[in-house]
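Peer 1: Fold the following, please.
(chains A and B)
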Amino acid sequence: MSRPSDHIDSAPAPSGNGITQPKLGFVGTLRWFWRQLTSMRTALFLLLLLAIAAVPGSLVPQRSSDPNGVIQYFNDNPELAPVLDNIQAFDVYSSAWFSSIYLLLFVSLIGCVIPRTKHHLQALRAKPPKTPARLGRLAGFTTRTAPVGTDAATAVASARTVLKQGRYRVALFESPTEFSVSAERGYMRETGNLVFHSALVGLLIVVGFGSGFGFSGQRVLVEGQTFVNTLLAYDSFNPGRFFNDTELDPYTLTLDDFEVTYETQNLEAFGQPLDFTAGVTVTPRGGDAQDGAVRVNDPLRTGGTSIYLLGNGYAPTITVKDPEGTVVFTDSVPFLPQDANLTSLGIVKVPDGLAEQVGLIGFFYPTQDETSSGSYFSSFPDLEYPVLTLNVYQGDLGLDEGVPTSVYSLVTDDMEPLATRDSAIQPLELTPGETQELPNGLGSVTFENAAPDAAEGDYAGSVPRFASFDIHHDPTQGWVLLFAVLVLGGLLTSLFVPRRRLWVKAIEQADGSVRLEYAGLARGEDPALESAVTALADRHAAMLERATPAIKAADPA
Amino acid sequence: MNLNELSILSLYSAMAVYALAFIAFSIDLARRSAAVGSTEAAVGATNEAPASVAGAKASGGGSVSTLNRISSRMADDAVTPYGRSASLRVGVSLTVLGWALHLVAAVLRGLAADRVPWANMYEFAMTGTLLIVTVFLIVLTRTDLRFLGTFVTGMVVILLGIGALQYYVEVAPLPPALQSVWLVIHVFVASLGTGFFALGFALSFVQLLQSRREERAGTAKSSRLRFLATLPSAFTLENLAYRVNIIGFILWTFTLMAGSVWAERAWGRYWGWDTKEVWTFIIWVIYAGYIHARATRGWRGSRSAWLAIIGFAAVMFNFGIVNVFFKGLHAYSGL
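Peer 2: Sure thing, here's the model as predicted:
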């Protein structure tokens, strides 16, 4: 039998009690092991183990989905974290123990599917089995008497027609006293089952190896900036194992504008963002520029990549000049949002051109407001009353050692605070278009107004916005979808197509009448079997009735 | 009064009506016990024999007579026949009334928010329970599962109570992350699947009680839950639970896939082991295990019923605990 021996539809194994088993050789042991691995009980055990093994990954942050959470966890639990890390608790889904469970499960599955496929292919070519001698023991057993004038052979022939119409595969059998038709349908049930399981294997393979052929990269663009899809242009880039960066298609992507709509009608959700739209221009190499948009839930697909909108915020344009008025720094600096009203934090580093290296820690408030204690906050995420405050430090920026440092943080350990909340000079405070002197006569700093011609008090366009994009390439995604559809389709057919056998037997009685017997056998779940047998009997009877008057007409006696 | 306030009024009315339905169904169970008591007094323990035979056949599996049993209609295999009951009909009528009020509440909430009413925990609770009752009422038109009325109305009242008191949030527009057609599809199918799993859970639970009663039937000890004798045999209950659970499983499979498609559009990857994804996967695997268990010798019956119960516990955990307390990308509880 093709099914595992402990499948509920397999014949029970003979009890081994009191029988001396022959000693298994090496091959025998392997066979025994293989039989154990492909048994239903092992598959079930591995399934349940897989469910349990997946749980820890939801309790402890994972490097794959929440790397900052892992760092936080190490800080919060310095004793426990290394122990957990040793058992790969922060990489559960790529850990040795999780992988071994699902790999064993899939080996077990393949070991089960292959013999069943072989068996099913044979069954697809085979004729329905011989009609059982006694139908009375079978499901839905029904007897009828054929109309007078119908002989057994005719009755069975018309039953065969009825069954064929019902898409049954049929075979006729006859013996001296009785004619019968044996029919089977629902081969799709097993086909669906095999497709489901094979598609799962396909899914595992594609998911396992597929991601290796793609990449993901991130890039921040301020309004007006352009990005060329090449390796160096990315802020961060994670290639798959088999990805070659010569495969990058060097299109250019320009962020033309970034539009945000905020809720202003509903006071319960005042200031909640309603829409983010990044208006972009994409120019393929050697092609014409095309306008496009990237929105949340609506990525832009171009050049074999998908471009996602990951985040956004303000990028105030800041200019620093030396005492003579020479520009030593000017740039739109992306400020990272700290709360829902976009209080934002940004860093400016001026290593050259001034008497000392200068670092600025800036806080940006799109709509500045003040608490009773005098500290600032933003009360609305849009530009109603933008204010930039700058803490000024001088000293060693730590850039000269050649050690990479983050552009989003400033280490002030080796620096002298010139203008902070705790120093004699308070932080510099600027509105768009304003310039302030730096302390110690170092120079000046300007918060540029991006829309200098706007009306007095209209700050709507005064500060540029930035958008951060996630750019992905995964050539195997279509395969994943295909296998997922096969999984679903296979599941539906394997659970809902009934596989059943039906038999119709016509027996000539001593008194010349013909006795008709109907019965069925379910193969797997089949709640509608009995009604199917009854329906067959009814349809067959109706067909015989229709045929009988014609016979009578032909026989005037 | 605006639409949302009308929705809240309608929801609280529905809860009150469900509570009354729960009382009516409970009275019915009490009467069933009383009816069994009097029958047992009259007939004695001989009545128990058919049930234990059915149980023995069930464990055999695969035999022709078992297959006969699968296809038989369920209503007629209770040990003690139980006739018409006024409280049962009152219970069903009240459930239908409560369901209508509940539906009005969900529709009004959707109109008030100008979108589908399942975008935060309060709305999930409202629509999810509405679907549980809907599935129950639809199944009632095909099979007599009215004895589950206490379970369904009781659970819905508790969940709605928690939803309305703990999770209530004012109407708010959809954040950009939720503005997708997949919100309509993915969340609705997940809630519908939950409705089927809930019913499957109840059937498996009663199945366990029933099989314990059937095991004890031959012995002197008799179950305290005497109304069980008026319910279908454990074998029939198991087949019903299986049919309900596989529909839930298919819907859950679809939920997982629709979620992947949405995740690809929203987050740039179809699968990332986010906490909610992990739990959706765990639930899928548990129910896959349940379906396998039913096809494994020695696991059909009470053991597979336990898996269905664990599966539904995981569904509830996923909804009530993971949404609120676990960190992840599915942070849309609105709390």
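Peer 1: tell me which element the nearest residue to A:Thr371 once chain neighbours are set aside is part of?
Peer 2: Spatial nearest neighbour of A:Thr371, chain neighbours left out: A:Phe377 (6.3 Å); criterion: C-beta to C-beta, 6 or more residues apart in numbering or on different chains. Bear in mind the C-beta positions are built from the backbone N, C-alpha and C, glycine included. Using DSSP states H and E, A:Phe377 sits in strand A:376-378.
Peer 1: Give me the mean pLDDT for that strand.
Peer 2: Averaged across strand A:376-378, pLDDT comes to 93.
Peer 1: Show me what that strand is packed against.
Peer 2: strand A:358-365, strand A:368-370 (3 or more C-beta pairs under 8 Å, 6 or more residues apart in numbering or on different chains; DSSP states H and E).
Peer 1: Could you export those strands as a markdown table, including mean neighbour count and distance to chain B?
Peer 2: Formatted as a markdown table, these follow (neighbours: other C-beta atoms under 10 Å in any protein chain shown; distance: least, C-beta to the nearest C-beta, whole Å):
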| stretch | mean neighbour count | distance to chain B |
| --- | --- | --- |
| strand A:358-365 | 24 | 22 |
| strand A:368-370 | 16 | 22 |
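Peer 1: Let me have those in a markdown table, adding distance to B:Ala295 and mean pLDDT as columns.
Peer 2: Output for the helices and strands packed on strand A:376-378, formatted as a markdown table (distance: least, C-beta to C-beta, whole Å; pLDDT from 0 to 100):
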| stretch | distance to B:Ala295 | mean pLDDT |
| --- | --- | --- |
| strand A:358-365 | 62 | 94 |
| strand A:368-370 | 65 | 93 |
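Peer 1: Same list (those strands) but as CSV, adding distance to B:Val184.
Peer 2: As requested, the helices and strands packed on strand A:376-378 are exported to CSV (distance: least, C-beta to C-beta, whole Å):
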stretch, distance to B:Val184
strand A:358-365, 37
strand A:368-370, 38
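Peer 1: residue ranges with poor pLDDT in the chain?
Peer 2: I'll assume chain A. Applying pLDDT under 70 to chain A flags residues A:1-2, A:11-22, A:549-557.
Peer 1: was after chain B, sorry
Peer 2: Where chain B drops to pLDDT under 70, the residues are B:39-77, B:81, B:83-84, B:218-223, B:331-335.
Peer 1: And the strands in it, which stretches?
Peer 2: Secondary structure of chain B (DSSP state E): no strands located.
Peer 1: What residues sit buried inside stretch A:285-296?
Peer 2: A:292, A:294-296 (16 or more other C-beta atoms under 10 Å in any protein chain shown).
Peer 1: picking up where we left off before, so for the strand holding A:Phe377, what gets flagged as buried?
Peer 2: Using 16+ other C-beta under 10 Å as the test for burial, strand A:376-378 gives A:Ser378.
Peer 1: Repeat that for stretch B:97-115.
Peer 2: Buried, per 16+ other C-beta under 10 Å, within stretch B:97-115: B:97-99, B:101-106, B:108-110, B:112-113, B:115.
Peer 1: next one: stretch A:506-519
Peer 2: Buried, per 16+ other C-beta under 10 Å, within stretch A:506-519: A:506-508, A:514-519.
Peer 1: outside of that stretch, which residues touch it?
Peer 2: The contact list for stretch A:506-519 (C-beta atoms under 8 Å, 6 or more residues apart in numbering or on different chains) reads A:135-136, A:138-146, A:148, A:150-153, A:155-156, A:159, A:177-180, A:502-505, A:533, A:536-537, A:540.
Peer 1: Now intersect the residues you listed with the strands, please.
Peer 2: A:139-145, A:178-180, A:502-505.
Peer 1: hang on, the earlier thing: please narrow the buried residues of stretch A:506-519 to those residing in strands.
Peer 2: In strands, defined here by DSSP E, the members of the buried residues of stretch A:506-519 are A:506-508, A:514-519.
Peer 1: of all these, which two lie farthest apart?
Peer 2: Greatest spatial distance in these: A:Glu508 and A:Ala519, 18.8 Å, computed using C-beta to C-beta.
Peer 1: circling back to that earlier point, output the ones in strands among the contacts of stretch A:506-519 as TSV; include the columns neighbour count and distance to A:Trp32.
Peer 2: Shown next, in TSV, are the ones in strands among the contacts of stretch A:506-519 (neighbours: other C-beta atoms under 10 Å in any protein chain shown; distance: C-beta to C-beta, whole Å):
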residue	neighbour count	distance to A:Trp32
A:Ala139	26	37
A:Gly140	24	41
A:Phe141	17	42
A:Thr142	17	46
A:Thr143	14	49
A:Arg144	18	52
A:Thr145	12	56
A:Glu178	18	46
A:Phe179	24	48
A:Ser180	22	43
A:Leu502	28	40
A:Trp503	27	39
A:Val504	29	45
A:Lys505	25	44
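Peer 1: List, out of the residues you listed, those positioned next to chain B.
Peer 2: For chain B, the contacts drawn from the ones in strands among the contacts of stretch A:506-519 by C-beta under 8 Å from any C-beta of the partner chain are A:139-140.
Peer 1: Which single one of the ones in strands among the contacts of stretch A:506-519 is nearest to A:Asp422?
Peer 2: For the ones in strands among the contacts of stretch A:506-519, the minimum distance to A:Asp422 (C-beta to C-beta) is 87.8 Å, reached by A:Ala139.
Peer 1: Verify the stated contact: that closest one with A:Ala522.
Peer 2: Yes - contact criterion C-beta atoms under 8 Å: A:Ala139 and A:Ala522 qualify, at 6.5 Å.
Peer 1: tell me the SS of A:Tyr393?
Peer 2: strand (DSSP: H, G, I helix; E, B strand; the rest coil).
Peer 1: Next, the contact list for it, please.
Peer 2: By C-beta under 8 Å, 6+ apart, the neighbours of A:Tyr393 are A:358-361, A:410, A:412, A:415-418, A:420.
Peer 1: how about the nearest residue to A:Ala199, chain neighbours excluded?
Peer 2: The spatial neighbour of A:Ala199 that comes closest, neighbours along the chain excluded (C-beta to C-beta, 6+ apart), is A:Leu486 at 3.7 Å.
Peer 1: And B:Gly98, by the same measure?
Peer 2: Nearest one to B:Gly98, counting by C-beta to C-beta, 6+ apart, is B:Val17 at 3.7 Å.
Peer 1: I'd like to know how many residues surround A:Gly433.
Peer 2: 15 (other C-beta atoms under 10 Å in any protein chain shown).
Peer 1: So what does it look like in phi/psi?
Peer 2: In terms of degrees, to the nearest 10, the main-chain angles of A:Gly433 are phi 90, psi -10.
Peer 1: what's the helix or strand for A:Ile347?
Peer 2: Counting by DSSP H and E, A:Ile347 is part of strand A:344-350.
Peer 1: what angle sits between that strand and strand A:358-365?
Peer 2: 160 degrees (axes from the mean of the first three to the mean of the last three C-alpha atoms, to 10 degrees).
Peer 1: CA atoms only for strand A:344-350, dumped as CSV, please.
Peer 2: Only the C-alpha atoms of strand A:344-350 are listed here, as CSV (Å, rounded to 0.1, in the frame of the first residue of the first chain):
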residue,chain,number,x,y,z
SER,A,344,12.7,65.8,14.6
LEU,A,345,16.3,65.4,15.5
GLY,A,346,19.2,66.0,13.1
ILE,A,347,23.0,66.4,13.2
VAL,A,348,25.3,68.8,11.3
LYS,A,349,29.0,68.2,11.3
VAL,A,350,31.4,70.9,10.0
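Peer 1: Determine the longest helix present in chain A.
Peer 2: Across chain A, the longest stretch assigned as helix under DSSP state H is helix A:96-125.
Peer 1: helices or strands next to that one in the packing?
Peer 2: helix A:26-37, helix A:40-54, helix A:187-210.
Peer 1: could you check the angle helix A:26-37 makes with it?
Peer 2: Using the same axes, to 10 degrees: helix A:96-125 against helix A:26-37 is 90 degrees.
Peer 1: Give me the buried positions along helix A:96-125.
Peer 2: So, applying 16+ other C-beta under 10 Å, buried residues of helix A:96-125: A:98, A:101-102, A:104-106, A:108-109, A:111-113, A:116-117, A:120.
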